[in-house]
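In: model the structure of this input:
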Amino acid sequence: MNSNDDMSVVDLVRDVKTAILEAQDRLDERGITISRVDLEVMTAFVTSAGGEIGLKIIPIELSGQYSRSQMNTIHLSLTPLVPEQVERISELGSELVRAIEVISTAAHEAPATKPEFLLDHAEVILQFATDVSGHIRLFAGAGQEAGWAHLIRMTLLTR
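Out: Now for the predicted structure:
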């Protein structure tokens, strides 16, 4: 991935999809399937010196320079396809892979405790940002919410 100065929406979505597929690869052995992914990407319009308009992914370090009213949301609803082989993700999204795996496993195992319930589906929501080096960073603080954060909403099914 490029530095965040020239990170595009396409770059960010590719990294998130790669992290989701790698997490799915690990969740397969637990009988968990990520059946749907809704991704909200927060961007800001930027104008080049030549007057061209583009979209910019705002790194967490620069988020204070943009108000919520300056942000634009792109919402994507995606259905993961089963890849023949998942290329391992670089360190850029490894925190996201671990978070998806941990939270998905908890959502799957919780209904199986006594008294047992069947899990129809679970929805997992993660807020994240990118830093200036292009690394995906999750919000660890409870209740922490930022208007410029990206959002992943995943629907999990059991087999």
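
In: residues contacting Ala44?
Out: 55-56, 58, 66, 70-72 (CB atoms under 8 Å, 6 or more residues apart in numbering). Quick note: C-beta positions are derived from backbone N, CA and C, even for glycine.

In: and what of Val13?
Out: Taking CB under 8 Å, 6+ apart, we find Val13 in contact with 39, 41, 76.

In: what segments of the chain are helices?
Out: Ranges of helices in the chain, per DSSP state H, are 9-27, 94-109.

In: so which bits of the longest one are buried?
Out: The one in question is helix 9-27. Buried residues in helix 9-27, defined by neighbour count with 16 or more other CB atoms under 10 Å: 11-13, 15-24, 26-27.

In: rewinding a little: what subset of the contacts of Val13 is buried?
Out: By neighbour count, with 16+ other CB under 10 Å, the contacts of Val13 hold 39, 41 as buried.

In: residue ranges with poor pLDDT in the chain?
Out: 1-6, 67-69, 82-93, 139-148 (pLDDT under 70).

In: would you map the strands across it?
Out: 32-47, 53-57, 71-78, 122-130, 136-138, 150-158 (DSSP state E).

In: okay if I get the ones you listed as JSON lines plus distance to Ala107?
Out: Output for the strands of the chain, formatted as JSON lines (distance: least, CB to CB, whole Å):
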{"stretch": "strand 32-47", "distance to Ala107": "8"}
{"stretch": "strand 53-57", "distance to Ala107": "28"}
{"stretch": "strand 71-78", "distance to Ala107": "19"}
{"stretch": "strand 122-130", "distance to Ala107": "4"}
{"stretch": "strand 136-138", "distance to Ala107": "16"}
{"stretch": "strand 150-158", "distance to Ala107": "6"}
